[in-house]
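1. pasting the structure only:
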């Protein structure tokens, strides 16, 4: 019985650690900027097949639920799917857009960025597409989105001031995967500077 209890406590601690880190990353380098126009930038994931894989489907759904409501002041939202043809013949951006429009029924404004092959390039190539909006939301797994926000801060600190939280973290969503995402996130974020790990107020 003690062994079972200890195992349960350890499992709960690991799950809680994964939740906490992903929650924390989702709140770094974002502000509380107002304004009616916004861009929701959804970052793609390697997708060898022609239909959206599990990761890209999850990112698209998180992107669509990140769209601000008119009641909250949002009246002009563009959803930007970003990602080139890294793993197959079709760009990640096109695969995600097809999933959003054909399978989820999204009929809002969609813009494709189909050249990028890395996170740094994702940010570089979407900059011309987000310069005229009031609010910018970057959607991915929390650690990956944080890295992209840090890259925007390096490339265009003026635009980084417009970053606000996306709805890509939800407590209890994918609980078993979050410890693995946390481990990968710690590795992928190792090059971030201390000022790029700032928790928003």
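-> Perfect, I can see it now. Everything numeric here is computed off the predicted structure, so don't read it as measured data.
2. Mind telling me what element residue 137 is part of?
-> When secondary structure is defined using DSSP states H and E, the element that contains residue 137 is strand 135-139.
3. Check which residues of that strand are buried.
-> Of the residues in strand 135-139, those buried by neighbour count under the rule 16 or more other CB atoms under 10 Å are 135-139. Placement of C-beta: from N, CA and C, glycine included.
4. Tell me where the chain has strands.
-> If you assign secondary structure with DSSP state E, the strands in the chain sit at 37-43, 76-82, 109-113, 135-139.
5. Out of those, which is closest to residue 192?
-> With CB to CB as the measure, strand 135-139 is the member of those nearest residue 192 (14.6 Å).
6. looking only at pLDDT, what's the mean for that closest one?
-> The predicted model assigns strand 135-139 a mean pLDDT of 98.
7. Could you list every helix and strand in contact with that strand?
-> The contact analysis (3 or more CB pairs under 8 Å, 6 or more residues apart in numbering; DSSP states H and E) places strand 135-139 against strand 37-43, helix 54-65, helix 142-155.
8. For it, what is the distance to the chain centroid?
-> 8 Å (CA atoms, centre = their mean, to the nearest Å).
9. ok, residues contacting that strand?
-> For strand 135-139, the surrounding residues in contact (CB atoms under 8 Å, 6 or more residues apart in numbering) are 33-35, 37-43, 59, 62-63, 66, 68, 74, 130, 145, 148-149, 152, 159, 162-168.
10. Then stretch 32-39?
-> Applying CB under 8 Å, 6+ apart, the contact partners of stretch 32-39 are 67-68, 73-80, 126, 129-130, 132-137, 161-164, 200-201.
11. so residue 79 makes contact with residue 107?
-> No: the pair residue 79 and residue 107 does not pass the contact test of CB atoms under 8 Å, sitting 10.9 Å apart.
12. Compare neighbour counts for these two and give me the winner.
-> More neighbours surround residue 79 than the other of residue 79 and residue 107, with 25 against 8 (other CB atoms under 10 Å).
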